[in-house]
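Novice: For reference, the sequence and a predicted model appear below.
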Amino acid sequence: MKLSGFVPQFVRQSGWYRGLSRARRVRRLRALVASATPLNVVLGAGATEFPGWLNTDQEVLDIVSPDDWAQLFAPETIDRLLSEHVLEHLSEEQGRLAVRECYRYLKPGGLFRVAVPDGYRRDAAYVAEASPPSDGHQMLYNVDTFTTLLEGAGFVVTPLEYFDADENFHAQPWDESEGHVQRSIRFDSQTDFQRDGMFYTSLIVDARKA
């Protein structure tokens, strides 16, 4: 069915219309995937846009759905994946499934840069914002539990920004062209979460496919 002009709200909200919209978006994204070199993909992008990166959201790629991944990509074809504050919205088991799918679709040597709230940062405002069930969060990872999750899928993990168990902050240089993380010591400026000379921070790691 072809639609043109004004579409009433009740039609836009109907199941068949949403399915049509998704099908069109999937077809468009598949065409972009076929021509992308390198193939860089943002998971759960929302309104985020970066040059050279393809955006996905849950409507077109539910990262816990093997069928959604297979509809868009072939295994071992993605150069880089970027995920900022997505995995904490999944249960522990869903997180394991999503990470396995990320590993499967990355090329050998491919990079998964991922950021989540940091469970080892303990100042009150941050904890209130980051802890489940705030904002739909289901998990609160720290550098130890998150590394275990990613290594369990086969990744080699390099922490980039994080608090340790003694609440000491660590950071090393990273190239934003390989995945820009806004909620980071480098780029965030939310004064609600200011702590000394830093603002909102994330647990950020690079997970490399062996």
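Specialist: Right, received. Where do you want to start?
Novice: so where do the helices sit in this protein?
Specialist: With DSSP state H, the ranges of helices along the chain come out as 9-12, 15-35, 66-72, 92-105, 124-130, 143-152.
Novice: would CSV of these with mean pLDDT, mean neighbour count and distance to residue 56 be doable?
Specialist: For glycine as for every other residue, the C-beta is placed from the backbone atoms N, C-alpha and C. CSV is the format used below for the helices of the chain (pLDDT from 0 to 100; neighbours: other Cβ atoms under 10 Å; distance: least, Cβ to Cβ, whole Å):
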stretch, mean pLDDT, mean neighbour count, distance to residue 56
helix 9-12, 43, 9, 21
helix 15-35, 80, 12, 7
helix 66-72, 97, 15, 8
helix 92-105, 98, 19, 12
helix 124-130, 97, 14, 24
helix 143-152, 98, 18, 20
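Novice: for these, which one sits closest to residue 59?
Specialist: Nearest of the helices of the chain to residue 59, taken as Cβ to Cβ: helix 15-35 at 5.6 Å.
Novice: and the closest residue to residue 198 other than its chain neighbours, how many neighbours does it have?
Specialist: Once flanking residues are discounted, residue 198 sits nearest to residue 185: 5.4 Å by Cβ to Cβ, 6 or more residues apart in numbering. By other Cβ atoms under 10 Å, the residues close to residue 185 number 18.
Novice: now do the one 4 residues further on
Specialist: Using other Cβ under 10 Å as the criterion, residue 189 is surrounded by 10 other residues.
Novice: for the one 5 residues further on, same thing?
Specialist: If you count neighbours by other Cβ under 10 Å, residue 194 ends up with 14.
Novice: same check, this time on residue 87
Specialist: Applying other Cβ under 10 Å, we find 26 residues neighbouring residue 87.
Novice: cool, the one 4 residues further on as well?
Specialist: Residue 91 is flanked by 11 other residues according to other Cβ under 10 Å.
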